[in-house]
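Enquirer: this one's sequence-less:
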């Protein structure tokens, strides 16, 4: 299209659905009842476990429920502390409050934007029961370092791979590094079931406990409604599982598209001074769930203002996550107060980060339009209004 023209609205995210998924969901709605009620959940779970190379996969309503079940199955509760990176969505941390434990906010690495192993070690106390490293925007921490710290202090690792299906660290897939791994299939994610999640584990003991806790404290196969625990109702519907099955069978295609979209951005933004794109370390294969940029703070352009300027050109965007320790939900937390003084990296990058359109429906022409807009907005001499916190 000619420069200067406004393109139609470009959403920040969105799925790629084909006839395969439609056919599976139609079949589930038609036939997955009575004796066949679990057939698509079982097929989806088996396909997902095979893809990751793990023993067990449990389909759930959300990644949040997967983290909650992981903590509950490990008997994390009042008096315990659980560490999360400060830069993440609240879903990574909320289940810590569900079980009555204390949330501790660690800083992130300035390159990967994921949990810093050094900060993790600084945060550990005698009360630390678990850590939840988050594979932010499709990237990963230095997992060798994180796992070494966790092992040294006997801290359980629950990997939040909600945004990182298919990402690899030294050839091993995201979600397979801890006692459990958790995934999201929200409509914005690389693969989707609309809403939904998955818990994966190689631990037979954790699997057995989660299978009881996710069905109101009832053992699998129990037909007498004899509940052993007061627990939770965390199951995925057959229609969601059917959609997920179609998506996991196409996962390589979906991941290739994500990496292609990032390459379009990278090619067009590599010469723009004062911005930083998602990193990819030599030992990581990043799947770039969200293409993100951090603006050099010297430009005086914070994310709210950049998002407003992009919106004027019909370009949707999302703010880089705020530090959890800065949001109202945790404002009265003593640990949040400590984090606000300690987590310098999180507070330095978060005000200047924006997630660009990354949906699977993007084509190269739309990416070129977005990058042209960024070139104009960030060109030398452009005066931009700074937004107050």
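Expert: Right, received. Where do you want to start? What you see is a predicted model; the values in this text were computed from it and never measured.
Enquirer: Please list the outside residues in contact with stretch 294-313.
Expert: 6-7, 273-276, 316-320, 348-349, 351-354, 369-370, 373-374, 377-378, 384-387 (CB atoms under 8 Å, 6 or more residues apart in numbering). Bear in mind the C-beta positions are built from the backbone N, C-alpha and C, glycine included.
Enquirer: Name all residues that make contact with the closest residue to residue 63 other than its chain neighbours.
Expert: Leaving aside its chain neighbours, residue 63 sits nearest to residue 184 (3.7 Å; criterion: CB to CB, 6 or more residues apart in numbering). Residues near residue 184 by CB under 8 Å, 6+ apart: 62, 63, 91, 162, 163, 196, 197.
Enquirer: out of these, who has the most neighbours?
Expert: residue 162 (30 neighbours; other CB atoms under 10 Å).
Enquirer: gap between that residue and residue 273?
Expert: 33 Å (CB to CB, to the nearest Å).
Enquirer: Residue 354 in helix, strand or coil?
Expert: At residue 354 the chain is in strand, as set by DSSP: H, G, I helix; E, B strand; the rest coil.
Enquirer: pLDDT score assigned to it?
Expert: Here the pLDDT value assigned to residue 354 is 98.
Enquirer: do the one 10 residues further on as well
Expert: As summarised for this prediction, residue 364 has a pLDDT of 97.
Enquirer: pretty sure it is touching residue 263, no?
Expert: No. Using CB atoms under 8 Å, residue 364 makes no contact with residue 263, being 9.7 Å away.
Enquirer: quick one: secondary structure of residue 182?
Expert: Per three-state DSSP, residue 182 ends up strand.
Enquirer: can you pull the contacts of the closest residue to it other than its chain neighbours?
Expert: Excluding its sequence neighbours, the residue lying closest to residue 182 (CB to CB, 6+ apart) is residue 66, at 3.7 Å. Shown in contact with residue 66 (CB under 8 Å, 6+ apart): 58, 60, 180, 182, 183, 197, 198, 199.
Enquirer: From what I see, the third one and residue 207 are in contact.
Expert: No. The criterion here is CB under 8 Å, and residue 180 misses it with residue 207 at 9.0 Å.
Enquirer: Looking at these two, which one has more neighbours?
Expert: Neighbour tally, residue 180 and residue 207, criterion other CB under 10 Å: the higher count belongs to residue 180, 32 against 19.
Enquirer: Specify the angle between the helix or strand hosting the residue nearest to residue 182 and strand 180-184 in degrees.
Expert: In this assignment (DSSP states H and E), residue 66 forms part of helix 63-73. Going by axes from the mean of the first three to the mean of the last three CA atoms, to 10 degrees, helix 63-73 is angled at 160 degrees with respect to strand 180-184.
Enquirer: following helix 63-73, which helix or strand comes up?
Expert: Next along from helix 63-73, by DSSP H and E: strand 81-85.
Enquirer: how far out from the middle of the chain is that next one?
Expert: Offset of strand 81-85 from its chain centre (CA atoms, centre = their mean, to the nearest Å): 16 Å.
Enquirer: Could I get the buried residue list for the very next helix or strand once past it?
Expert: Note on strand 81-85: by DSSP H and E, the next helix or strand toward the C-terminus is helix 94-98. Within helix 94-98, the residues that qualify as buried are 94, 95, 96, 97, counting by 16 or more other CB atoms under 10 Å.
Enquirer: quick one: contacts of the helix or strand just after helix 94-98?
Expert: Following helix 94-98 in sequence order, the next helix or strand is strand 102-106 (DSSP H and E). The contact list for strand 102-106 (CB under 8 Å, 6+ apart) reads 80-86, 93, 96-97, 115-116, 119-120, 122-123, 127-128, 131, 323-325, 330, 333, 335-336, 338-339, 343.
Enquirer: now do stretch 193-203
Expert: Contacts for stretch 193-203 (CB under 8 Å, 6+ apart): 45, 48-49, 52, 54-66, 69-70, 162, 175-176, 179-187, 207, 210, 236, 240-241, 243-244, 247.
Enquirer: Please check those and keep the buried ones.
Expert: 45, 48-49, 52, 54, 56-66, 69-70, 162, 175-176, 179-186, 207, 210, 236, 240-241, 243-244, 247.
Enquirer: Which helix runs longest in the chain?
Expert: Secondary structure of the chain per DSSP state H: the longest helix is helix 251-269.
Enquirer: In terms of secondary structure, what does the helix or strand following that one contact?
Expert: Scanning forward in sequence from helix 251-269 by DSSP H and E, the next helix or strand is strand 275-277. With contacts defined as 3 or more CB pairs under 8 Å, 6 or more residues apart in numbering; DSSP states H and E, strand 275-277 has these neighbours: helix 251-269, strand 291-295.
Enquirer: roughly how far is strand 275-277 from the heart of the chain?
Expert: On CA atoms, centre = their mean, the centre of strand 275-277 falls 20 Å from the chain's centre.
Enquirer: Beyond it, next helix or strand please.
Expert: Counting by DSSP H and E, what follows strand 275-277 is strand 284-285.
Enquirer: picking up where we left off before, counting neighbours, which of the contacts of stretch 294-313 end up buried?
Expert: By 16+ other CB under 10 Å, the contacts of stretch 294-313 give 7, 275-276, 316-318, 320, 349, 351-354, 369-370, 373-374, 377-378 as buried.
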